[in-house]
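1. Test case, fold it:
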Amino acid sequence: MVSRENLVIVSSFVLLVLALAGIGIVDGATTVALGEYPLVMYLLFAGLTIVGPQLYLAATDDDVPPRTRVRFATIVWGLFALVMADVSRAEAVLGSGILGADLETLQHLAILAIGGGAFVALVCHEFVAGYRSQETDESQSAR
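-> Numbering: from 1, shown residues only. Here you go, the predicted model:
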């Protein structure tokens, strides 16, 4: 019997295949080549196959703690950002100024900002959660 978790993950991959087929149809029917937009591909691939299922399972599944799923999704989201973004283009635009950058370079910069921002948010959340757990431990031990 297939577990619910595996069913959700396989369903996300099926949705990715359908989305990629839809992109192919749009590319063929119009002059807009969605495959040339790295931000769209990053959001589709990493968001649809990794982050979406993990966040859905974090909200609905009780087998694995939700914090674990959110941590995994955030770390993988950041790793995909490093893999899919052209870091050299992003560094070049930061050195020369954002206003003169082309659209593709700005998209690579946005991918890095999304992945880095998610990681920073995770670290901040863990610091706050650790502080709160320490605070409640101290207040319970004082009683």
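
2. okay, CA-based contacts and neighbour counts for the rest of this
-> Will do.

3. end to end, how far does stretch 56-74 reach?
-> 13 Å (CA to CA, to the nearest Å).

4. Can you pull out the residues in contact with that stretch?
-> 5, 8, 50-51, 54-55, 115, 118-119, 122 (CA atoms under 8 Å, 6 or more residues apart in numbering).

5. Run through this structure and note the low-pLDDT ranges.
-> Regions of the chain meeting the criterion pLDDT under 70 cover residues 1, 34-35, 99-100, 137-139, 141-143.

6. What segments of it are helices?
-> Secondary structure of the chain (DSSP state H): helices located at 4-29, 38-42, 52-60, 66-84, 87-96, 103-142.

7. Need those in JSON lines (columns: mean neighbour count).
-> Formatted as JSON lines, the helices of the chain follow (neighbours: other CA atoms under 10 Å):
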{"stretch": "helix 4-29", "mean neighbour count": "14"}
{"stretch": "helix 38-42", "mean neighbour count": "19"}
{"stretch": "helix 52-60", "mean neighbour count": "18"}
{"stretch": "helix 66-84", "mean neighbour count": "18"}
{"stretch": "helix 87-96", "mean neighbour count": "14"}
{"stretch": "helix 103-142", "mean neighbour count": "15"}
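
8. Good, we can wrap up now.
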